[in-house]
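> Structure for this input, please:
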Amino acid sequence: MPIARNQILITIDGVKDLSEKGIAFRCRYELVGFTDHGKPRYQCIYLCKGEPEAILVSTRITPYGPEARAAVFHHMAGALQTSSRVR
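Model prediction:
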């Protein structure tokens, strides 16, 4: 049974906004399952001091819900160089 958590949602634009405002954050990846081809699927969780954990979600919404998109190391590129991975 899943563990209940106090979490909010964040998009890539929300992460960029944190970085631009100089707000310190970290992120971690949690294994959530496997694809039909056996590849692991992860959730990216952002952590800001004094805030609930934020789950990265897609900004593209279709009539069937959010569009699944890869976001591999998005927090390490371009304007987001100030973030760090939690190990």
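> what residue ranges in the protein score low on pLDDT?
In the predicted model, the chain carries pLDDT under 70 at residues 1-2, 65-87.
> Helices of that one, residue ranges please.
Secondary structure of the chain (DSSP state H): helices at 12-20.
> any chance you could map the strands in it?
Here the chain has its strands, by DSSP state E, at 7-10, 26-34, 40-47, 53-56, 61-62, 65-66, 84-85.
> For the first one, C-alpha coordinates in PDB please.
This points to strand 7-10. As requested, the backbone C-alpha atoms of strand 7-10 are provided in PDB (Å, rounded to 0.1, in the frame of the first residue of the first chain):
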ATOM      1  CA  GLN A   7       3.400  16.700  -1.600                       C
ATOM      2  CA  ILE A   8       2.700  19.500  -4.200                       C
ATOM      3  CA  LEU A   9       3.200  19.600  -8.000                       C
ATOM      4  CA  ILE A  10       5.900  21.600  -9.900                       C
END
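> Which residue comes closest to residue 48 once chain neighbours are left out?
Leaving aside its chain neighbours, residue 48 sits nearest to residue 25 (4.8 Å; criterion: Cβ to Cβ, 6 or more residues apart in numbering). (Glycine included, C-beta is placed from N, CA and C.)
> Tell me how far that neighbour lies from residue 37.
With distances taken as Cβ to Cβ, to the nearest Å, residue 25 is found 32 Å from residue 37.
> Of these two, which one has the most company?
Per other Cβ atoms under 10 Å, whichever of residue 25 and residue 37 has more neighbours is residue 25, with 19 against 5.
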